[in-house]
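*Asks:* Quick one: sequence and predicted model below, then my questions.
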Amino acid sequence: MWKFALISLLTTLLAWLWKVFNWAWLETRKLERFLRKQGFKGNSYKFFFGDMKEIASMYKEAHSKPLVLHDDIIPRVMPFIEKTINKYGKASYQ
């Protein structure tokens, strides 16, 4: 009886782990390849946190500078998106 319960539990756990792995890694890599085939450019997929560290540092840097009335607001509000567009062009993804 315990063997059956243990096998059922392990099977369920493995199925759940496969779904998580598929969602977190395989699907994102598949989407990245699909976008690149269509001509889109961008940063490669980084597992779990992605570009969050870089985005946070860019926002911190952008908000540390004073904003003058005649300044362009885009680099302050969306610094990462502006950098991505400048680096990869308008046909890019994040």
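*Replies:* In hand now; what should we look at? Since the model is a prediction, treat every value here as computed from it, not as a measurement.
*Asks:* use CA for all of it now, contacts and neighbours both
*Replies:* Fine.
*Asks:* Direction included, what does the lowest-mean-pLDDT helix or strand in the chain pair against?
*Replies:* Scoring the helices and strands of the chain by mean pLDDT, DSSP states H and E places strand 92-93 at the bottom, with a mean of 74. Strand 92-93 has the following strand partners under DSSP bridges: strand 41-42 (parallel).
*Asks:* ok, residues contacting the next helix or strand after the strand it pairs with?
*Replies:* If you walk from strand 41-42 toward the C-terminus, the next helix or strand you reach (DSSP states H and E) is helix 52-64. Contact partners of helix 52-64, identified using CA atoms under 8 Å, 6 or more residues apart in numbering, comprise Pro75, Arg76, Val77, Met78, Pro79, Phe80.
*Asks:* Of those residues, just the buried ones, PyMOL syntax please.
*Replies:* Applying 16 or more other CA atoms under 10 Å to those leaves a buried subset, and the PyMOL line that selects it is:
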select buried, resi 75+76+79+80
